[in-house]
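Asker: Attaching a predicted model along with its sequence, questions to come.
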Amino acid sequence: MTAAPPGLAWPVRAIGEALAAVAARSGWAAGRAAPALPPAGAHTQSWLDEWVAIVSAHLGVEAEPVQPLYREAPSFLRHAGPAVLSLEGGGGYLCLLRHRRGKLLLVDAALQERWVPLELVLDQVREGPQEHQAAEVDLLLEVAGVRGACRELARRALMDQRLGERSLRGCWMVRPRRADPLWRQATRARLPRLLLLLAAAHVIAVGTQIASWWVLGAAALRGRFEPTWVAAWLLLLATLVPVRLLRSWAEGQFAVRAGALLRQRLLAGVLRMEPDEVRSDGAGRHFSRVAEVEALESVAITGGGTALASAVDVVAAVWLLGLGASPGPHLALMACVLAAGAATVALYYRRRRQWAQLRLEVTEGLVEKMLGHRTRLIQQTAGRWHEGEDEALDHYLARSRAMDRLAAVMMTALSSGWLVAALLAMLPAVVSGVAPGPLVISVGGALLAFRAFEQLRATFSDLVNVLVSWRQVAPMFHAAARLEPLGVPSVALGQGEPAGGENVMEVQDLRFRYPARSRAVLEGCNLEIHSGDRILLMGPSGDGKSTLASLLTGIRRPGSGLVLLHGLDHPTVGTRTWRRRVAAVPQFHENHVLTGPFLYNLLLGAGWPAREDQVRLAEKICGELGLGPLLDRMPAGLLQTVGDSGWQLSHGERSRLYLARALAQEADVVILDETFAALDPETLERAMECALRRAKTLVVIAHP
């Protein structure tokens, strides 16, 4: 194994400085200092992931923890940069910037950039996992009598086979923050450069076409085609081939990068929307929003390139018409056509927006009926299942026909009418005996404008769809710019358990009112929760019990007053740490079983992929909650796929899964909101004993 150059690895305690160096060298967080790692303690991998996430947020970047497989390490190192890689056995960290031609650019502990062979770094990353198998593999090769150059190849092949499915832990890919302004993200993705390249390629293509027309027209006016003119014409046509290839490449690259940027931005926005913003819409509206995102991505990006090309053609056509035989009439006619087109687009936009709203209502009604089919099957007679559907569809089809007629008639009339009117405008010049040269230029300009209008006719409907779709997508897009409180790193990940009797949570003069209501749900609320407390909160429906639970967990922010965790407020602790230390099981209708392994759903709040100790903890909690028989029935046990597309769980099984999910987080405070309502007495007793035994501090909300 090749030895690594000295000073290449960063020490373990300098992981914050390593992140700052990678972010600064990538141009994302220059000049920002990272806090030092807290003193010695149980720095587990999950704890380090939390620490890196908080420190990277303070640096203005995002650090995504990844666990590539052993066999995927070569490909991972080529594409992971910028990244911070852990060397097992306390060997420190490597700061990777990028890969080029078999070498990796690393930043060493002296802040110097060094190009290092990929194989050398690969050996260092693999060194920890290989140590456990090296002796056995070497003995096997010795017994087999493998010698010389084949020995190293055979050794590596055996290592890859034995360790291929093992994960390499302690790797973080550093990326720019999704909350950054869109222009900054677009600049990092080099979208302006690609857009300029696309525009330049189209300008060159149009210029080359005009030049080829001029050469061909000049040769025709001379009355003979000399070899020189023919060669020049063929050369111009040949030049169009690489120019158009360049334009297609730039358009494809722009579409891929812009589409990825849009998807990432919208996904980040969805995850940062407030719960009340999401729960106010039904499943049908959510489905429609997803469809609008698809339309926005495909139409805005692909149609945007065609619209840009059409704009270039219009400018070139105006220039040619200004040099032609009838510049005044042609330019005035062009202005009228563009004004009429703008008015048509405005009218079409209004109708399209009304049609989109109607489509949204129809889609929402359909999805709601599909979700509520069982209820309607029992509660409603079959004759009433389709009430109002025919009227809604007739209204929808009538709006569709009116909108399509406007799009077909108006835009076709504009493009075809322009060509006829432009040719008629040249008649006075033809009658007066204008030279053939200006006439040819006018004809070329008219045809170029006709092509531009035809392209606009094909794309204007798509561009209007973008404006309509944007109304549905905009809330998700803007939500991505919201920044959650990060907390002070030294406080957010402070180690140690609270002493018995310590004031874990404190509520002082709390007041909260929902935006749509005039009266406050909670007013003048005061509460103290000590370590080890078992609190039962009872009251009639609508008294604000669940609202208080959401305020304690940090899902909602109080209108006034304070909610303190270990004596610190939410901005100081930070959202990530607050939700890690305060776990909750909301009411049944607000929980969800995601389509995936049972273990994934159980460890949703504890991290994934699961570590061995987490799997053992999950099995133990499931046994205490009486879920053992369920796991025995499942063919794959904890790895059985559950949810809407997998193994169906009963009401009580789901309730115990939600409880196990909260207990597996090992939080300081566990809040249960009507969690035991669906359990039979025997199961209720087991679940209550498990919760009392495992929760450090427990708050149970129930009805009298």
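Answerer: Thanks, I have the structure now.

Asker: So which residues of the stretch 501-650 of the chain form helices?
Answerer: Counting by DSSP state H, counting those that start in this stretch, one finds helices in the stretch 501-650 of the chain at the ranges 545-552, 570-573, 575-581, 598-602, 612-624, 628-633.

Asker: For the stretch 251-400 of the chain, which residues score under the pLDDT cut-off?
Answerer: Flagging of the stretch 251-400 of the chain using pLDDT under 70 yields the residue ranges 280-289, 291, 294-295, 297-305.

Asker: The closest residue to residue 105 other than its chain neighbours in helix, strand or coil?
Answerer: Sequence neighbours aside, residue 97 is the residue nearest to residue 105 in space, at 4.3 Å (criterion: C-beta to C-beta, 6 or more residues apart in numbering). (Glycine included, C-beta is placed from N, CA and C.) Three-state secondary structure (criterion: DSSP: H, G, I helix; E, B strand; the rest coil) places residue 97 in strand.

Asker: Which other helices and strands does the helix or strand containing residue 443 contact?
Answerer: When elements are assigned from DSSP states H and E, residue 443 belongs to helix 436-479. Under the contact criterion of 3 or more C-beta pairs under 8 Å, 6 or more residues apart in numbering; DSSP states H and E, the helices and strands touching helix 436-479 comprise helix 191-222, helix 227-271, helix 283-323, helix 327-371, helix 389-425, helix 427-431.

Asker: Nearest to residue 601 among the ones you listed would be which one?
Answerer: Evaluated with C-beta to C-beta, those place helix 227-271 nearest to residue 601, the distance being 17.9 Å.

Asker: which other helices and strands contact the closest one?
Answerer: Of the remaining helices and strands, those touching helix 227-271 by 3+ C-beta pairs under 8 Å, 6+ apart are helix 182-188, helix 191-222, helix 283-323, helix 436-479.

Asker: Would you mind giving these as JSON lines with mean neighbour count added?
Answerer: Compiled in JSON lines, the helices and strands packed on helix 227-271 are given as follows (neighbours: other C-beta atoms under 10 Å):
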{"stretch": "helix 182-188", "mean neighbour count": "14"}
{"stretch": "helix 191-222", "mean neighbour count": "17"}
{"stretch": "helix 283-323", "mean neighbour count": "19"}
{"stretch": "helix 436-479", "mean neighbour count": "19"}
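
Asker: sorry, back to before: the helix holding residue 443 versus helix 327-371: what angle between them?
Answerer: Helix 436-479 runs at 30 degrees relative to helix 327-371, counting by axes from the mean of the first three to the mean of the last three C-alpha atoms, to 10 degrees.

Asker: Tell me the gap between helix 436-479 and the middle of its chain.
Answerer: Relative to the centre of its chain, helix 436-479 is centred 29 Å away, using C-alpha atoms, centre = their mean, to the nearest Å.

Asker: Next: stretch 83-95.
Answerer: Using C-alpha atoms, centre = their mean, the offset of stretch 83-95 from its chain centre is 28 Å.

Asker: Check the separation of the first and last residues in it.
Answerer: The separation between the terminal residues of stretch 83-95, taken as C-alpha to C-alpha, to the nearest Å, is 6 Å.

Asker: got it, and stretch 319-336?
Answerer: One end of stretch 319-336 sits 17 Å from the other (C-alpha to C-alpha).

Asker: how about that stretch: buried residues?
Answerer: Buried residues in stretch 319-336, defined by neighbour count with 16 or more other C-beta atoms under 10 Å: 320, 321, 324, 325, 326, 327, 329, 330, 333, 334.

Asker: Let's have the helices and strands packed on helix 227-271 in JSON lines, adding distance to residue 423.
Answerer: Converted to JSON lines, the helices and strands packed on helix 227-271 look like this (distance: least, C-beta to C-beta, whole Å):
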{"stretch": "helix 182-188", "distance to residue 423": "42"}
{"stretch": "helix 191-222", "distance to residue 423": "17"}
{"stretch": "helix 283-323", "distance to residue 423": "12"}
{"stretch": "helix 436-479", "distance to residue 423": "7"}
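
Asker: ok so, going back, right, and the helices of the stretch 501-650 of the chain - which one's nearest residue 178?
Answerer: helix 575-581 (15.4 Å).

Asker: Distance from the closest one to the middle of the chain?
Answerer: Distance, stretch centre to chain centre, for helix 575-581: 22 Å (C-alpha atoms, centre = their mean).

Asker: same for it, what does it pack against?
Answerer: Counting contacts by 3+ C-beta pairs under 8 Å, 6+ apart, helix 575-581 is packed against helix 45-59.

Asker: Now the element after the helix it packs on, going C-ward?
Answerer: strand 61-66.

Asker: tell me the angle of that next one relative to helix 45-59?
Answerer: Note on geometry: by the same axes, to 10 degrees, strand 61-66 and helix 45-59 are set 160 degrees apart in direction.

Asker: Can you name the element that comes right after strand 61-66?
Answerer: Sequence-wise, the next helix or strand beyond strand 61-66 is helix 73-79, with elements assigned using DSSP H and E.

Asker: What's the first helix or strand after that next one?
Answerer: The helix or strand immediately downstream of helix 73-79 is strand 83-87, counting by DSSP H and E.

Asker: for that following strand, packing partners?
Answerer: Other helices and strands packing on strand 83-87, by 3+ C-beta pairs under 8 Å, 6+ apart, are helix 15-25, strand 92-100, helix 118-144, strand 171-176.

Asker: looking at the ones you listed, which has the lowest confidence?
Answerer: Between these, the lowest average pLDDT goes to helix 118-144, which shows a mean of 68.

Asker: Give me the number of neighbouring residues for the closest residue to residue 636 other than its chain neighbours.
Answerer: The shortest distance from residue 636 to any residue that is not its chain neighbour, by C-beta to C-beta, 6+ apart, is 7.7 Å, and that residue is residue 597. Counted with other C-beta atoms under 10 Å, the neighbours of residue 597 add up to 20.

Asker: Isn't residue 597 up against residue 638?
Answerer: Yes: between residue 597 and residue 638 there is a contact at 6.8 Å, judged by C-beta atoms under 8 Å.

Asker: Compute the number of surrounding residues for residue 662.
Answerer: Residue 662 has 25 neighbouring residues, counting by other C-beta under 10 Å.

Asker: Name the nearest residue to it, sequence neighbours excluded.
Answerer: Beyond its immediate neighbours in the sequence, the residue positioned closest to residue 662 (C-beta to C-beta, 6+ apart) is residue 583, lying 4.3 Å away.

Asker: Now do that neighbour: how many residues are near it, please.
Answerer: Should you count by other C-beta under 10 Å, residue 583 turns out to have 22 residues around it.

Asker: what secondary structure does residue 104 sit in?
Answerer: Three states are possible here, and by three-state DSSP the one that applies to residue 104 is strand.

Asker: and it, what are its bridge partners?
Answerer: Here residue 104 sits in beta bridges with residue 99, residue 116, as judged by DSSP bridges.

Asker: How about residue 510?
Answerer: Under the criterion used here (DSSP bridges), residue 510 is bridged to residue 525.

Asker: Could you pull up the residues touching it?
Answerer: Residue 510 makes contacts with 522, 524, 525, 526, 527, 548, 551, 558, 560, 561, 562, 563, as judged by C-beta atoms under 8 Å, 6 or more residues apart in numbering.

Asker: Would you agree the fifth one is in contact with residue 506?
Answerer: Yes: with contact defined as C-beta under 8 Å, residue 527 counts as touching residue 506 (7.2 Å).

Asker: from the helices of the stretch 501-650 of the chain, which stretch is densest packed?
Answerer: Among the helices of the stretch 501-650 of the chain, ranked by average contacts under mean count of other C-beta atoms under 10 Å, first place goes to helix 598-602 (a mean of 24).

Asker: remind me which residues of the stretch 551-700 of the chain are low pLDDT?
Answerer: Judged by pLDDT under 70, the stretch 551-700 of the chain has no weakly predicted residues.

Asker: Need the pLDDT of residue 224.
Answerer: Turning to residue 224, the model gives it a pLDDT of 67.

Asker: what sits up against stretch 320-329?
Answerer: The contact list for stretch 320-329 (C-beta under 8 Å, 6+ apart) reads 210, 330-331, 334, 425-426, 428-430, 434, 438-439, 441-442, 444-446, 448-449.
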